[in-house]
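Enquirer: Sequence and computational prediction follow.
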Amino acid sequence: MRIVKRAEEMMATARPVVKLENAYKAFGGTPVLQGISIEVCPGEVVAIIGPSGGGKSTLLRCMTLLETLDQGSLTYGDIDVVIPGADGSAVYGTSDTLALARQRFGLVFQQFNLFPHMTVMRNIIDAPLVVQGRDRAEVERQARALIQDMGLEGCEEKVPYQLSGGQRQRASIARALCMNPQVLFFDEPTSALDPELTGEVLKVLRQLAAEDITMIVVTHEMSFAREVADRVVFIDEGCVVEEGSAEQVIGNPSEERTREFLLRSLT
Amino acid sequence: MRIVKRAEEMMATARPVVKLENAYKAFGGTPVLQGISIEVCPGEVVAIIGPSGGGKSTLLRCMTLLETLDQGSLTYGDIDVVIPGADGSAVYGTSDTLALARQRFGLVFQQFNLFPHMTVMRNIIDAPLVVQGRDRAEVERQARALIQDMGLEGCEEKVPYQLSGGQRQRASIARALCMNPQVLFFDEPTSALDPELTGEVLKVLRQLAAEDITMIVVTHEMSFAREVADRVVFIDEGCVVEEGSAEQVIGNPSEERTREFLLRSLT
Amino acid sequence: MVTLLGSGFVTSLAIFAFTLVGALPLGIPIALMRMSRVVPVRLVARAYISIMRGTPLMLQMFAVYFAPYHLFGIQLSPDSKWQACLVAFILNYAGYFAEIYRSGIQSIPQGQYEAAEVLGYSRTQTFMRIILPQVAKRIMPALGNEVITLVKDTSLAFSIGVAEMFSTAKALVAAQRTMIPFGIAAAIYWAFNFLVEVAVGRIEKKMDYYRD
Amino acid sequence: MVTLLGSGFVTSLAIFAFTLVGALPLGIPIALMRMSRVVPVRLVARAYISIMRGTPLMLQMFAVYFAPYHLFGIQLSPDSKWQACLVAFILNYAGYFAEIYRSGIQSIPQGQYEAAEVLGYSRTQTFMRIILPQVAKRIMPALGNEVITLVKDTSLAFSIGVAEMFSTAKALVAAQRTMIPFGIAAAIYWAFNFLVEVAVGRIEKKMDYYRD
Amino acid sequence: GGSPAPTGTKAGTGSEAAGKDTSAVATGKLIVGFDQAYPPYGYVGDDGEFTGFDLDLARAVAEKNGWTVELNPIDWDAKDTLLNSGAINCIWNGFTMEGREDDYSFSKPYMLNKQVIVVKKDSGITSEADLAGKNVITQVDSAAWDVLKGDQADLAATFGALETRPDYNTAFTELASGATDAVACDLSIAQYQLATNPGAYLQLDQALSTENYAVGLKKGDTATGDKISQALKELYEEGTIEKLCKKYEKDGLSFENWILK
Ligand SMILES: Nc1ncnc2c1ncn2[C@@H]1O[C@H](COP(=O)(O)OP(=O)(O)OP(=O)(O)O)[C@@H](O)[C@H]1O
Ligand SMILES: Nc1ncnc2c1ncn2[C@@H]1O[C@H](COP(=O)(O)OP(=O)(O)OP(=O)(O)O)[C@@H](O)[C@H]1O
Ligand SMILES: [Mg+2]
Ligand SMILES: [Mg+2]
């Protein structure tokens, strides 16, 4: 049932849902992103891999507007979120523009960031009700379906501290999905999951891909990347070292650095 | 270089460093541990695997005295930490006994729990200096070696919030190791690590095993369990479903439940 | 004597209640302004808090009470002292509450703001739905301190002639040359503050259903 | 006039300094007792805090001052009022500080205690090395509130005849039939409290190097 | 009423021009500001009502003049501002006029008062000379304080220390407990203390001063002052004053001290 979509095909057929160009970002003088460009088309699933500290999370945070870029441009479909200014520094759009863009994407945090004072159910339905103003019955139906998909039955009325690590992560995935985003970012979505659940989450991600939801997934599980991604981007020291289909990058990397990284890993 | 030690061999030669018998634990009426027994011999590496919510973290927390058992007994070498009372409920030793036992083990948390106000270096050396009263120069030498082993060079003077997810986890491993524990517990030590680093951590764990440090590792990475563990324990719904060598449990499980779990997983 | 103190206590209670109702909400915008990124807004809030906390409430009460007369020559009516008293109390306590709110708000981990931001919550929604409920739990003990101080500060109302319990006790001490009225006043204060403590404790307990 | 107020202010300052030096540390064991698992210990601490916060400091000062005479018939010396004043202030403020400490201590995530416990830190070490430094950061604003209240509460010392600045101002107001001494007193208070705010702000900033 | 501001162009408070005339003659309402903790002149009675010699006088005077009366207990520190702003229009509370002539208009003085010194009986102090090097306290902003800072400054200079307390109640507790050696106070207060603690205290024979009580009014409000003086005189002639003095005799009031005849 897997929908095979090659990056090249897709680029030809549709305008990218999100496009980052030439992104630079430094923390207190230390460069973390050094001219990264990424373009993702509707329905595409992109896996971002690379060594720890290479800038993967920072990249995601810049694309989800949690960190500000120093230089570069960022577009969500027809929305110009960041454009390069005259002196090259990044110029952000109005807060309305940013709010509009935020409706297009969701993010699952590496540390989950569930709301500790809300039950799992409330965590999932609150934003759809409050931010999107959707119908309560409909939102709850969707939430229940998501809870089912994520294997969280029985946890609806628990608060986050009562959940196991994996349960927390799945709740936070369900929360992001319930907003029906066009693009979904994941920061290591399976890092706290056992293999069984990793399989479950993979199924959900595939289903989402079939529903034409674009996904950008930072992961360090090569098998997961291979399974789920249409395209793999290898990032190290704030640069895109190599990118292409999973078979290409993971199976037969052309760059020395990638090969080294993969060789030293377990899989 | 891998040291192959079979569980059966070891049990015959040495008295267990930690022994948990017949452990029961419930959270507000919901049973989480339902009569688990585990015995680990010096230098042995035990991997605990099983589905999310199965009670792995709770088991570790009970063994590290962070949760109190409802029933059962717990022994660290010659120290009786918990003995069963007349009515079957667990009876804990004096606080001196518990303190003595704590010197024998270390724990790497799933959520790291680094001290946010201390630099990485300080996080690592503070307990050895303060709790164990060791010589400062010696502790710092060891800490520097651990920082090297963990690939944390350059992060010595950073505080936790400035670290990436993987860096945090490695810092917390280094912190536990610097206490020179006899038994080390890990709750998903590689969950935030990329494959490359997983390999590194694996190397460290192997080295520790060679130094006769006993390890109990909760993990959901089968390949990791297979690589590192002398023995694998599969836990579901608070019970030990199956246990044996990695080849046995992961490669050729005898229980239906285990097979199902492994089949549905990716590896 | 007890009835006399009792009726004084009703006045104290009224000041207490009105001040809470006014100052607890008013402290929120002040705390937010105090943390604003817009420098003039932040400075205004800082100055406000600084003056309200930094000068004696008694003098603030004088200022509020007599300002209409001194500045505009408006004659005071017997009602005005009651109004002035409440205005001064509310303005003053809002300054204290603002700082307590700020301490709570700043202790909420960044991740909570980020999660709310990505989910599209507006700043107001983030504050009301995500931050404030968690802040409430954290600041309860400090808030209890301030509320209990307020109970006793009601005695300052007498500086502009609002006769509350403590001034009544003072008058009785003078008339009867015994410390007993003070003792009774202390007991009444303490009993009421005990209720406040119990109430605060109950709220704390109610919010104990979750941990961070 | 300003010199008169100035010398009163020195007294205020002395009360302020001694109270801080005494009450800030004293609050810690009280807070810990308040959170103790041993019920009687906890109840004693609760009662202490309840009485200290629940009854007026002025009456506590009377009680401390006159208790030796009324209870034991001990003759007081002219020095005793100064000692009584300090004892009452310290005991009173320790109660307030204890509650602030408690709010901070309880807001530290459980994981920090667990990490310390597993590493073998004793309860004291955990508290001093892991918890307190993080608490300090969180409670700064609330502590600022209380410290600033203390500056102004020094005026209560006059109830047992310790002539501090505000009572001097009052006497001047009465003698000169003008509110100007009050204005000056307010300015001095405010200036000093401004310094306190700056100091608290600087400490806050210094602890800003980390986040949770 | 809209009658013009009272006479006296040098009236102290500048903003008067902007305000209405709030005097009792203009409004027909006597708003009495008093310290409710100052027996026997003004205090809270056992029944909870404001009572006291001066308050009774105020009621009687108001009745004579056809004014309504409002009793307003005040914080003594705020009396000047309250009077100037019109929140009260007289201060009637054992109010000594000596030394205050420039700040208020007064009725005619009606009562004689003395400032005296009280010591412990067994202290060995029997005269002003014995007070040398001793601690003396008095109430803050009291007539005794004014005297010791003014006419009797030479005597005060011989004291070990001269301090103030918020109220005489505290002062006498200190005297009893030995924290101080002497209290300087009004005659009526001294007599009350001597009466209620027989054998404990001794009043020095020599008075620090004699002075007069009068009703204090906003500077320039001589019209009300005249009306009050007139009414007090009539009350004396009717014998009402003598009855009132009897009523408060146990609190140290004496008809002999009445001077407005
Ligand atoms: N707030 C910050 N201040 C300073 N340095 C930071 C900050 N956040 C991240 N860094 C540094 O930036 C680099 C990239 O961090 P990032 O979190 O993007 O890595 P990552 O690729 O996500 O790693 P991991 O796989 O371990 O999560 C790291 O060296 C990290 O120490
Ligand atoms: N404090 C608590 N209160 C109530 N229930 C709890 C609490 N802690 C854990 N549980 C429940 O106990 C069960 C076991 O949790 P535990 O954390 O041990 O699972 P786990 O095997 O470590 O899972 P994971 O692989 O997801 O980390 C879960 O169903 C969880 O919801
Ligand atoms: Mg990361
Ligand atoms: Mg777990």
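Expert: Received it, and whenever you're ready, just let me know what you need. Ligands and ions are numbered 1, 2, ... in the order given.

Enquirer: How much space separates the closest residue to ligand 1 within chain C from D:Tyr48?
Expert: Per C-beta to the nearest ligand atom, C:Gln110 is where chain C lies closest to ligand 1, at 9.8 Å. The C-beta positions use only the backbone N, C-alpha and C, and glycine is treated the same way. Noted for C:Gln110: a distance of 37 Å to D:Tyr48, by C-beta to C-beta, to the nearest Å.

Enquirer: so A:Gly166 sits in a strand?
Expert: No. Using DSSP: H, G, I helix; E, B strand; the rest coil, the assignment for A:Gly166 is helix, not a strand.

Enquirer: What is the three-state secondary structure of residue 87?
Expert: All of this refers to chain A. Counting by three-state DSSP, the backbone at A:Asp87 sits in coil.

Enquirer: That was the other one, I meant chain E.
Expert: Secondary structure, three-state DSSP: E:Ala87 is coil.

Enquirer: give me phi/psi at it?
Expert: Dihedral pair for E:Ala87: phi -70, psi -30, per degrees, to the nearest 10.

Enquirer: Tell me how many other residues surround it.
Expert: Neighbourhood size, E:Ala87 [other C-beta atoms under 10 Å in any protein chain shown]: 26.

Enquirer: where does the stretch 1-150 of chain A dip in pLDDT?
Expert: A:1-14 (pLDDT under 70).

Enquirer: if you set the cut-off to 50 instead, what comes out?
Expert: A:1-12 (pLDDT under 50).

Enquirer: What ranges does it have for its helices?
Expert: With DSSP state H, counting those that start in this stretch, the ranges of helices along the stretch 1-150 of chain A come out as A:7-13, A:56-63, A:95-102, A:120-130, A:136-149.

Enquirer: now swap in chain C and tell me
Expert: For chain C, the helices defined by DSSP state H occupy C:2-34, C:39-54, C:57-72, C:80-106, C:110-118, C:123-125, C:132-153, C:165-176, C:180-206.

Enquirer: Packing partners of the fifth one?
Expert: What that stands for is helix C:110-118. Applying 3 or more C-beta pairs under 8 Å, 6 or more residues apart in numbering or on different chains; DSSP states H and E, we find helix C:110-118 packed against strand A:105-108.

Enquirer: what do you get for the fourth one?
Expert: In terms of contact count using 3+ C-beta pairs under 8 Å, 6+ apart, helix C:80-106 is assigned the packing partners helix C:2-34, helix C:39-54, helix C:57-72, helix C:132-153, helix D:132-153.

Enquirer: In JSON lines: the ones you listed, plus mean pLDDT and distance to ligand 4.
Expert: Shown next, in JSON lines, are those (pLDDT from 0 to 100; distance: least, C-beta to the ion, whole Å):
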{"stretch": "helix C:2-34", "mean pLDDT": "92", "distance to ligand 4": "38"}
{"stretch": "helix C:39-54", "mean pLDDT": "93", "distance to ligand 4": "43"}
{"stretch": "helix C:57-72", "mean pLDDT": "83", "distance to ligand 4": "53"}
{"stretch": "helix C:132-153", "mean pLDDT": "88", "distance to ligand 4": "24"}
{"stretch": "helix D:132-153", "mean pLDDT": "88", "distance to ligand 4": "25"}
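
Enquirer: Now mean neighbour count too, for those, in JSON lines please.
Expert: Converted to JSON lines, the helices and strands packed on helix C:80-106 look like this (neighbours: other C-beta atoms under 10 Å in any protein chain shown):
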{"stretch": "helix C:2-34", "mean neighbour count": "18"}
{"stretch": "helix C:39-54", "mean neighbour count": "17"}
{"stretch": "helix C:57-72", "mean neighbour count": "20"}
{"stretch": "helix C:132-153", "mean neighbour count": "22"}
{"stretch": "helix D:132-153", "mean neighbour count": "23"}
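
Enquirer: Now the helix or strand hosting E:Leu112: buried residues?
Expert: Per DSSP states H and E: E:Leu112 is located in strand E:111-120. Within strand E:111-120, the residues that count as buried by 16 or more other C-beta atoms under 10 Å in any protein chain shown are E:111, E:113-120.

Enquirer: quick one: the helix or strand that comes right after it near chain C?
Expert: Downstream of strand E:111-120, the first helix or strand assigned by DSSP H and E is strand E:135-139. No. Strand E:135-139 does not reach chain C (C-beta under 8 Å from any C-beta of the partner chain); its nearest approach is 10.7 Å.

Enquirer: Which strands and helices lie in contact with the following helix or strand past strand E:135-139?
Expert: Later in the chain than strand E:135-139, the nearest helix or strand by DSSP H and E is helix E:143-149. Using 3+ C-beta pairs under 8 Å, 6+ apart, the elements in contact with helix E:143-149 are strand E:111-120, strand E:135-139, helix E:153-158, strand E:182-186, strand E:209-213.

Enquirer: could these go into JSON lines alongside distance to ligand 3?
Expert: Listed next are the helices and strands packed on helix E:143-149 as JSON lines, based on distance: least, C-beta to the ion, whole Å:
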{"stretch": "strand E:111-120", "distance to ligand 3": "81"}
{"stretch": "strand E:135-139", "distance to ligand 3": "72"}
{"stretch": "helix E:153-158", "distance to ligand 3": "79"}
{"stretch": "strand E:182-186", "distance to ligand 3": "77"}
{"stretch": "strand E:209-213", "distance to ligand 3": "85"}
